[in-house]
Structure formats: C-alpha cells, structure tokens
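A.B. asks: just the structure for this:
(chains A and B)
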Amino acid sequence: MSPSETAHSWQRRHLLGTEDLAPAEIHHILDTAASFKKTLDRTQKKLPSLRGKVVANLFLEPSTRTRIAFEVAANRLSADLLTLTGTSSSLEKGESLRDTACNIEALRADMIVLRHSAPGSPLYLSRIVDIPVINAGDGAHEHPTQALLDAFTLREHLGDLTGRKVAILGDILFSRVARSNIWALTKLGAKVTVVGPSTLVPPTCTALGAEVSHDLREGLADADAVMLLRIQHERQARTHFPSLGEYTQLFGLNAERSSWLKPGALILHPGPVNRGVEIDSELADSHPSVILEQVTNGIAVRMAVLYLCASAARLASNADLPA
Amino acid sequence: MSAAARFLLRGGRVIDPAHGTDEERDLLVLDGRIAPADTPVPAGTPVEEVGGLLVIPGLVDIHVHFREPGQTHKEDVASGTRAAAAGGFTRVVCMPNTSPPCDNAGTLRSILDAAERKGVVRVHTTGCLTRAMEGAELAPIGSLARAGAVAVTDDGLCVQNNGLMRQIATYARMFGLPVLDHCQDTSLTEGAVMHEGEWSLRLGLRGWPSAAEEIIVARNLLLAEHTGAHIHLQHLSSARSVDLLREARARGVPVTAEATPHHIALTDAALAGYDPSAKMNPPLAAEPHRRALVEGLRDGTISCLATDHAPHREYEKDVELDFAPFGIIGLETALPVALEVLHRQEGFSLPRVVDLLTRRPAELLGLPGGTLAPGAPADLAVVDPDRTWTVGPGELHSRSRNTPWLGKELRGRAVATAVGGRWVYREGRILADNAEG
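C.D. replies: Sure thing, here's the model as predicted:
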C-alpha cells in the first residue's frame, strides 16, 4: 500500500493523541511511515511533498530530541521551518497561547507542531487556529508521535502485535509516553502491563486498558518487549520514591532481569536514558535494545504524520511521492 | 422608591416553606411588606396576573464573590447584585477574598456602603479569619462583628494550622459568628486542577484527592465539637465528607454544610474537553460523590444550596486549563439547575427545593428573609418553573460569562424579582432606578 492510495482515507487535519485514533488509522500512519523510511538512506534525502509550506515548531517546554526529529522530518519533506521555543516566544512576556497561535497563523504558517507543559493545550490550539496542529507532547497527557514510532519499531520486529505482551516500566503517572502507548498498543491488539512503584503506577490505569503490576518479575514475565520510561529524578526522587538507588534496586533493568522477558524480547526507551538508573548501561547498548532504531523511526513516523495531516488539510503535493 | 411598593399578585402558586404554605392564592404587598392573607385589597392596587407561576420568597445565597474592591473588572456590587436579581435572589452574602481582603472594619463598611449605593438586592458580607487571609494571625473578628460581618471565613484559603483554627473557632463563638470553612488540605492539592480519579489519569491532569476535603472536614467536626463553635462547611464535594457530617450532626455537633448547584449537577467527566468553565475549587468529582451530595440534601445532612458565584473574565479563563483560574458564576443558573436536578430528576418537592434556596440558608446564618411571613419585607421572586431558555452571553447580567451552562438550554427561570416590594428585575430587564448601577 503506497501513501498515495492510503492518503485518501486519512481525514484528520490534527494529530492530538492516540486515544481517539481508530486501529486502521494507526496502521495507516505506520504504513505511510514505512514508505518514508525507505527514503531515509537515499543520497538525495529531500522529498518535495511540503515544498513551499511553513511548519511552525512551537516548543514551549524544553525538548531537544522531539524538536530535532520534527525538524528533520519537515526538512525531508522540503518544508520551511519556523521554530519558537519557550525562551524565544513572547509567552514569557505574558502573551497568551491564543495570541501566540494567532500570530503564527498570521505569519502564514501552514502547520503547528506544539510541545507544551499543559495537558489539553493542542486540543485548545486546534479550536483556535485553522491550520493543522500536531501534538509533540502535552504535559502528562499524550505524546502521540512517540507512541507511533514505538509501535512502528515493535511492528517492524514482531510483525502483527495481536496478543503480544508489552511491559511499560517506570513513571506511568506523569508520563505522556505511557498514556499514548497504552492507547496505541492496545488498539493494535497488544496486551500492555504497566510496572513500577505504587506511587507512580495508580490502580486506575486498568481503566485505560492496561494491567498493573508493582512486581518487576511478574510484570516482565513473558513480555515480548519492555519499554522503559525515563525517571525524572529532580522532581520525584524526594516525593515518590526514597532514592534513585532504591528505584534501581527494585525496578532497574539489568541483564539478569531481562532474562525474565521472553527470549529475544526488545528493549525500548524514548530517551534520554539515565544510564545506571532505569537501565544498566551495557544493556542499553546491547543487542535487544532498539533505542537508536526508535530515533531513526521517529523521523519516518513524523514525516508520515506531517504529510498525512497536511494532505487532509489539502496542503501537501501529491506529486513525487516515494514509491 | 419607584413603582409599586403596593401590588397584588393574582392566581399564583404561593410557596413559603417556612410556613408550610403551598397553595394557589393571591398575595398582597402593601407598603413594601407582605400583607396578612385576609387583608382587604385597597382600591387602585396594581394587579399582576401570575397564574401558572410560582410566587416564592426571594432566594438567599450565602456564598458569592462580587470582587469589590480590587477586581471589579470581573464583577462588582452593581453587576453582581443585578445577576442576583435576575436569578431570583434578593439577599446574598459576599466572601471576604477581595483585594485588599476584608479583614478589617473599614473595608467591610466600604463594601456595605457600595452595596447601599449600587446594589439592587440586599448584601451582607463576611470578614476574614486571619489577617490578609494569610493563615497566620487572627483577624480583628470582634471589630468585624461590630461592623456587621455575618460570619467569618478565609474562604478559598483554608487555614492549615489546626491550632490556629481552634483559636479562631473559640474566639468567633464569643460573638456568635459562624465560621465558614473551605475545606482543603493544601498539602494534598499542590498543582492539582481536577478531582483525582479515572478522568484525571486519562486527561493527564494533576489530580485532587477527595481526602483533601475529608481531612479538613474531620478536623472541623472535631473542633466544632470541642469548642462549641458553629463551623459551616462550604461547598461540600465528597461522599465521605457527607458521611462524616451526617454522623457528627446526629450527635448534635454544631456543624452545617452547603452544596453548590454545579456539584450536584455535574461530574469530573465535564473536564473531558479541558473546558476551563468546568474548573472550580473544590473540583467536580466522580458520580458517587455527586450522588452522595444529593442524598445529603435529601436527608437534611446538607442544610442548603449556595452558588459560590465566582466571576472571571473570558480572557482570564480562555487559556490552557492548567493556567485558568478556579471558579464559575452561578447566580443566574442556580434555580433552573436546582429544579432540574433535585425536582425533576430526584423527585424533591418544589417546596423542598425552594426551602434549600430560601429559608435554610437564611436561618443558617441568622439572616432575616427567606420567607413570605406577614409583615416581612416583600422580598420575593415570581418563577416560571417550566420556561426554557438558552444561557446566551447576552442573557447574563454578571460582568463575567464563566459558566459551564453557557449556550445550554435550561428549564425554569425567575420572571420577576422584588426587594422590599419594589420590582428590581422583570423579564430580562433590571428595573432599579439606581443611578450608579
């Protein structure tokens, strides 16, 4: 299936989250991303799909890798980039998000990629502006492109995810990556178990469709993949667990514990990795780790998302698509 | 005084819970007061035909924020009392979290003076518990009492120090002033914007556990019991709070509570679209809590309704949910919402719903009004319980529009409101001849 065929059934101008995506829509993005991934190793890397279009990266919370990945993706599609970060925007001078967004639209940007600390802000923005809004992470709510690139990576290795078990390990309560992955992966048929300390893994997670475990061995048992989340230690080391040492002792992944997983199981991490905290340093670099593949796949997935939402908004050129 | 301190309301259904009245009869107002039932109607008395309508005591709200002084871009006494009149209210009690806070007799008098000049309904005000509402030192509660405070409260800033709260209760009791408490243990609500539960997890919003309210409710019940002070629990929102209160009241502890129309009508599911007009403190809770509040009102555990009318302007609320201020307006929607939830959904009788909005709140703070007693000032509302109307921005008399019912259709509305026998509101229009308004 090529993007030119599938694009017709993609109707969304905005990508706000994975919770409201249908399974077919997720497959659609992943299929489109697979086509784009093939172009990543060409000597001429640019595709003309978004030539003459302006993608505004509005990053109101510190982010390096997500912002860079969106920049690379937009560049590959020949878009022009407008980058506004928390420090360069006027929000620090008291301008509202509404006014900032309207100004970006008045500058004739064609799409906005938003990273923001406030949950729900992409939805809010999508009601204000007429141009597509892509959620690049909204507080503890959603980070849909991260979940889609994770799903893409899992699908590449495991094929159909139906019945596969994926453990998500770490800070679930404050994690947008966890939420988006629970929704995306369960829609693709996977069984998701969230694992971590009871202060960071509330029992209400079952309402999101995940199983809950506070026992690492039980949580990892027979998993086809484990997804580690970054421990944001500045904030939580004092209030949600006693110390990084105790966290690592209870929930850190090492070679021995990875043997509790299904043989050949994958290890994912959205980065940046705290080596020696949530994962043993050598294990992070070893064979079952697909952490750097995730980064590369993140470009393809974000190209697909930009392309599909632009198409739905009748912005993208249908000419010269990758075969 | 303008128009008709004398009139006859003919053919209405007169409901006066304080006297067990619920009957179709005429009501005569003479010299601004309710005339006894057998009084002959003087010749030339204007007659208002109110067949099919309810004639009830003017509603009483013991919890409003009129933002004067200091934040009059949101509301002031003029606009706030007009919103009250349009909602059928004739008497309101202002919270002291103004800017500066109402923690001294001078500020309190200035608010009452403003109400005298600009208000179209009767206004009382409360004073602070602590200086500058900082929760550290006692406010001059005796001076506030002498200046006319009807209760004391730090409203939105719950006193966290139990020792200080005990002193406050003991001291306020000397003046017979009820202590109104907004029950919130702030150590449990840091950064929280909505009820903690499935919805907060789903939306990625910081959750506010119901224990934050229950812990302070339990504290207050104990302090009321030990000190003998009347502690009133504002805007209850949790099922366990209702249980604790029920048990304490059964033992005769001098505690009372109010519930808001929004907490009995809505749940945390209203936050699903991150709507800032569903963000208030305490937050909307899950369905079992809502149910418990209704049952608490049914069995009398919760004494009355109060709106917590909290105006904020559109541009203040029109931001990311995390950054939006807490609070919604309520004066103009309280009656229809109460009728919908308590009468039509829950089967409360009309007199019972009226009671919760009139006599009960007035009695609770020892205020006059809330009845149609012969000889009492004619503070009353004429209500069409079945009129459907859309809460359009142009319909509202508040300076703010922050209500989750904006754009929604409601059923039931005050069609006219009189204070002291003078019509102040009629069919969408404010009639007061108050120059400064």
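A.B. asks: use CA for all of it now, contacts and neighbours both
C.D. replies: OK.
A.B. asks: pick out the residue of chain B closest to chain A.
C.D. replies: As assessed by CA to the nearest CA, chain A sits closest to B:G204 within chain B, at 3.9 Å.
A.B. asks: tally of neighbours for A:R127?
C.D. replies: A:R127: 12 surrounding residues under other CA atoms under 10 Å in any protein chain shown.
A.B. asks: next: B:G191.
C.D. replies: B:G191, neighbours per other CA under 10 Å, totals 13.
A.B. asks: what do you get for A:P62?
C.D. replies: A total of 14 residues lie near A:P62 under the criterion other CA under 10 Å.
A.B. asks: follow-up on the earlier one: identify the residue nearest the residue of chain B closest to chain A in space, chain neighbours excluded?
C.D. replies: Nearest residue to B:G204 in three dimensions, chain neighbours excluded: A:H141, at 3.9 Å (CA to CA, 6 or more residues apart in numbering or on different chains).
A.B. asks: how about the contacts made by that neighbour?
C.D. replies: Contact analysis of A:H141 by CA atoms under 8 Å, 6 or more residues apart in numbering or on different chains lists A:119-120, A:175-176, A:179-180, B:202-205.
A.B. asks: now, which of those sits nearest B:Y171?
C.D. replies: Lowest distance from B:Y171 to the contacts of A:H141 (CA to CA) belongs to B:L205, with 39.8 Å.
A.B. asks: can I get stretch A:26-36 in CSV, CA atoms only?
C.D. replies: Extracted in CSV, the C-alpha atoms of stretch A:26-36 (Å, rounded to 0.1, in the frame of the first residue of the first chain):
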residue,chain,number,x,y,z
ILE,A,26,-2.8,3.8,13.3
HIS,A,27,-1.9,1.2,10.7
HIS,A,28,-2.3,3.9,8.1
ILE,A,29,0.3,6.1,9.7
LEU,A,30,2.7,3.2,10.2
ASP,A,31,2.3,2.1,6.6
THR,A,32,2.9,5.6,5.4
ALA,A,33,6.0,5.8,7.7
ALA,A,34,7.3,2.6,6.3
SER,A,35,7.3,4.1,2.8
PHE,A,36,9.0,7.2,4.0
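A.B. asks: mind showing which ranges of chain B have poor pLDDT?
C.D. replies: Applying pLDDT under 70 to chain B picks out residues B:1-4, B:433-437.
A.B. asks: the same query, at a cut-off of 90, please.
C.D. replies: Across chain B, the ranges flagged by pLDDT under 90 are B:1-5, B:37, B:432-437.
A.B. asks: and it, which of its residues are near chain A?
C.D. replies: B:197-198, B:201-205, B:273-274, B:319-323 (CA under 8 Å from any CA of the partner chain).
A.B. asks: repeat that with 7 Å
C.D. replies: Proximity of chain B to chain A (CA under 7 Å from any CA of the partner chain) is limited to residues B:198, B:203-205, B:274, B:319-320, B:322.
A.B. asks: of those - the most surrounded one?
C.D. replies: Counting by other CA under 10 Å, top hit in the residues of chain B next to chain A: B:L205 with 27 neighbours.
A.B. asks: that one touches A:P119, doesn't it?
C.D. replies: Yes. Using CA atoms under 7 Å, B:L205 is in contact with A:P119, at 6.3 Å.
A.B. asks: which pLDDT value goes with the closest residue to chain B within chain A?
C.D. replies: Going by CA to the nearest CA, chain B is nearest to A:H141 of chain A, at 3.9 Å. On the pLDDT scale, A:H141 is placed at 98.
A.B. asks: for A:T85, same thing?
C.D. replies: Reported pLDDT for A:T85: 88.
A.B. asks: in chain B, which helix is the longest?
C.D. replies: As assigned by DSSP state H, the longest helix anywhere in chain B is helix B:211-227.
A.B. asks: if we can go back for a sec, need the overlap of contacts for B:L205 and A:P119.
C.D. replies: Shared contacts of B:L205 and A:P119 (CA atoms under 7 Å, 6 or more residues apart in numbering or on different chains): A:A140.
A.B. asks: for the stretch 51-200 of chain B, just list every one of the helices.
C.D. replies: Here the stretch 51-200 of chain B has its helices, by DSSP state H, counting those that start in this stretch, at B:77-86, B:105-118, B:141-147, B:162-174, B:198-203.
A.B. asks: least confident secondary structure element in chain A?
C.D. replies: Sorting the helices and strands of chain A by mean pLDDT, DSSP states H and E puts helix A:3-6 at the bottom, at a mean of 46.
A.B. asks: re the thing from before, and the residues of chain B next to chain A as TSV, adding secondary structure and distance to B:G12?
C.D. replies: Output for the residues of chain B next to chain A, formatted as TSV (DSSP: H, G, I helix; E, B strand; the rest coil; distance: CA to CA, whole Å):
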residue	secondary structure	distance to B:G12
B:E198	helix	47
B:L203	helix	49
B:G204	coil	51
B:L205	coil	49
B:Y274	coil	43
B:V319	coil	46
B:E320	coil	47
B:D322	helix	48
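A.B. asks: show me which pair in the residues you listed is furthest apart.
C.D. replies: In the residues of chain B next to chain A, two members sit farther apart than any others by CA to CA. They are B:E198 and B:V319, at 23.5 Å.
A.B. asks: re the thing from before, in the longest helix of chain B, what's buried?
C.D. replies: Buried residues in helix B:211-227, counted by 16 or more other CA atoms under 10 Å in any protein chain shown: B:211-218, B:220-225, B:227.
A.B. asks: ok, now stretch B:250-257?
C.D. replies: Within stretch B:250-257, the residues that count as buried by 16+ other CA under 10 Å are B:253-257.
A.B. asks: still on that earlier bit, winner for burial among the helices of the stretch 51-200 of chain B?
C.D. replies: Comparing the helices of the stretch 51-200 of chain B by mean neighbour count (mean count of other CA atoms under 10 Å in any protein chain shown), helix B:77-86 comes out on top with a mean of 29.
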